[in-house]
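Trainee: Sequence unavailable; structure follows:
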């Protein structure tokens, strides 16, 4: 610690080591990239509703019920909340699952249960709310 | 730790240190001990992510212990001992509090109980260590004379970011907020976070803040300290969100938004750590 200058005890007032500038420049670049990315995303975003895509991942028979694993993807630019997905089997049996949030561009997984083998299964999103 | 002559306590030493550590663990971790999402993490989080969290936390605690324990007066081994002592105190404190609150109950699996305690132990251990530097009596206060280094400052910012980030990362609100915000909100939040960090340490002259000398321009401090601090806060925010499984299945854009949201408290925590420690 310098005796003659009290502010010298803070590293900020010492002669900067070159590494400090390199770290600083890298951080500044990262920050510019972050803001740039956010701006570009904001400008390229469409105003439409969420767009849902569903995929049946697997069908497993277990414990006297048929588990249908499903993936729900939101291909739109808007996040949806409380998304209700309904599966209807050929025999008319229905099963529902609700996803808390399906963020824009993201996927969520869940399962629908059926008593009988769900052949000819149709999946459809019935409702959602704005988060 | 040596007692100075002013200490009239009949039972100084280990008992006093333990008491302080428990106090620190409680002060710093009660908000998390009483948060539902923190309990749920014990069974929603994969074991290997918890293992990574602990693997990151241990060197961090040792480093923190070294810095606040007046590094030039002790060896790394002593600091490591202190860190593990703090970790142990944190685990026992979490165990007692969670059991008393009925969060831990018979019938839960060993995995669940271990998970609940392990997650809480990280912030509680930081608290237990800080108790040493913050809750002590003034006669053994030598912390103010500590030689500060650039790397040390960055490290302390990481600890502060981790601590405040830990408070908020498990909550559903972090993700929900990122859904409610537009990208323009996010850009504004980045600017506010950086401004808050810079202001905390350099501008508003808090006790413990760094006074800029006349030869040091504001932009030099911003570039060398505040921006790296924000970068550290953002990386820690990303790490915490990932560890807690908040980024799973999330689109890149939404991950960036969530990181910006959590980086705000993490940045404030980072700045506060430079003031307090």
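Mentor: Cool, got the structure. Just so it is clear, the model here is predicted, and its values are computed rather than measured.
Trainee: Would you check that residue A:128 makes contact with residue A:78?
Mentor: No - under the criterion of CB atoms under 8 Å, residue A:128 lies out of contact with residue A:78, with a separation of 9.6 Å. In this view, the C-beta of every residue, glycine as well, is placed from N, C-alpha and C.
Trainee: shared neighbours of those two, anything?
Mentor: residue A:50 (CB atoms under 8 Å, 6 or more residues apart in numbering or on different chains).
Trainee: More neighbours: which of the two?
Mentor: The residue with more neighbours, out of residue A:128 and residue A:78, is residue A:128; 22 against 19, by other CB atoms under 10 Å in any protein chain shown.
Trainee: Am I right that residue A:68 falls within a helix?
Mentor: No - following the definition DSSP: H, G, I helix; E, B strand; the rest coil, residue A:68 is strand and is not counted among the residues of a helix.
Trainee: And the helices in the stretch 1-150 of chain B?
Mentor: Taking DSSP state H, counting those that start in this stretch as the criterion, the stretch 1-150 of chain B contains helices spanning B:14-33, B:36-44, B:47-68, B:76-100, B:110-134, B:150-168.
Trainee: That should have said chain A, apologies.
Mentor: Using DSSP state H, the helices found in chain A span residues A:18-44.
Trainee: Strands of that one, residue ranges please.
Mentor: A:52-62, A:65-74, A:80-88, A:94-102, A:107-114, A:122-129 (DSSP state E).
Trainee: In a markdown table: those strands, plus distance to residue B:186 and mean pLDDT.
Mentor: Output for those, formatted as a markdown table (distance: least, CB to CB, whole Å; pLDDT from 0 to 100):
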| stretch | distance to residue B:186 | mean pLDDT |
| --- | --- | --- |
| strand A:52-62 | 25 | 92 |
| strand A:65-74 | 19 | 93 |
| strand A:80-88 | 19 | 93 |
| strand A:94-102 | 17 | 92 |
| strand A:107-114 | 22 | 92 |
| strand A:122-129 | 22 | 93 |
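Trainee: so which of these gets nearest chain B?
Mentor: If you check each of the strands of chain A against chain B by CB to the nearest CB, strand A:107-114 wins as the nearest, at 4.6 Å.
Trainee: Can you list the low-confidence ranges for the stretch 51-200 of chain B?
Mentor: Under the criterion of pLDDT under 70, the regions of the stretch 51-200 of chain B flagged as low confidence span B:70-73, B:132-147.
Trainee: Which residues of it lie near chain A?
Mentor: Counting by CB under 8 Å from any CB of the partner chain, the residues of the stretch 51-200 of chain B close to chain A are B:145, B:147-150, B:152-154, B:175-176, B:179-180, B:182-184, B:186-187, B:190, B:194.
Trainee: Buried only: go through the residues you listed for me.
Mentor: B:148, B:150, B:152-154, B:175-176, B:179, B:183, B:186-187, B:190, B:194 (16 or more other CB atoms under 10 Å in any protein chain shown).
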